[in-house]
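Asker: Fold the stuff below for me.
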Amino acid sequence: MIIIVDYGVGNLGSIQNMIKQNGGHASISGNPEELSKATKLILPGVGAFDYGMDQLHSSGLVPFLNKKVLEEKTPILGICLGAQLLTRRSEEGVKPGLGWIDADTKRFRLDDKKHLKIPHMGWDEVSFSKPSKLTINLPVPSRFYFVHSYHFVCDNAQDPLMMTEYGYPFVSAFEKGNVAGVQFHPEKSHKFGLQLLKNFVEQF
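Answerer: So this is what the prediction gives:
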């Protein structure tokens, strides 16, 4: 059972609909009893880092999610803010993140590139840093839809999954064991997003 975690933040319905288009099924829930049956989890999110962490904590789901992901090794896909929350911290806020990936979320440094706007918004290409079940049948390069002012900086060279160029190369997706996160919005990325979500549902 795939469950999209409902903690009051994110494009839940659009992600659910994309999975349905692939012939899959995902439920939306913030109920620990239902989440305990999940075989895979998706953590979406839109908005500010501290607000997202506050919502997660107020939902009471953090200890439960720690158990599911860290102890039971349930596969999880973080999307946009949901992926940033998987890191240790963000320059956008002061609250600690979940810390499931050895990475921080940092603001774009584009002071010497005045022609580039923040947030980074629109379609952009990604390249693949390593083989992954998440990238099966995705063309090289693939294109995804972004809206963000912050990006991942990983400690370990083996954790980045995808890279994108915006002023400089940045990590646009990571994968470590059962934990994966994408900065872009697969639910807004048409055939590329459909394939990535299909891979998560069927392969990851």
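
Asker: can you map out the strands along the chain?
Answerer: Here the chain has its strands, by DSSP state E, at 2-5, 26-29, 40-43, 76-79, 103-107, 120-128, 142-148, 150-154, 160-165, 169-176, 179-182.

Asker: from those, which stretch is densest packed?
Answerer: Highest mean neighbour count among those (mean count of other CB atoms under 10 Å): strand 76-79, with a mean of 27. (Each C-beta comes from the backbone N, C-alpha and C, glycine too.)

Asker: Sheet partners, orientation included, of that strand?
Answerer: Sheet pairing for strand 76-79, assigned by DSSP bridges, gives strand 40-43 (parallel), strand 179-182 (parallel).

Asker: And residue 45, how close does it get to residue 113?
Answerer: 27 Å (CB to CB, to the nearest Å).

Asker: Among those two, which residue is more densely surrounded?
Answerer: Comparing residue 45 with residue 113 by neighbour count (other CB atoms under 10 Å), the higher total belongs to residue 45, at 26 against 12.

Asker: which residues does residue 53 contact?
Answerer: Going by CB atoms under 8 Å, 6 or more residues apart in numbering, residue 53 touches 85, 93, 95-97.

Asker: so what's it scoring on pLDDT?
Answerer: With respect to pLDDT, residue 53 has a value of 97.

Asker: can you give me the helices in the chain?
Answerer: With DSSP state H as the criterion, the chain has helices at 12-21, 32-35, 49-59, 62-66, 81-84, 190-202.

Asker: picking that back up, now mean pLDDT and distance to residue 22 too, for the strands paired with strand 76-79, in JSON lines please.
Answerer: Shown next, in JSON lines, are these (pLDDT from 0 to 100; distance: least, CB to CB, whole Å):
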{"stretch": "strand 40-43", "mean pLDDT": "97", "distance to residue 22": "13"}
{"stretch": "strand 179-182", "mean pLDDT": "98", "distance to residue 22": "16"}
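
Asker: I appreciate the help and will end here.
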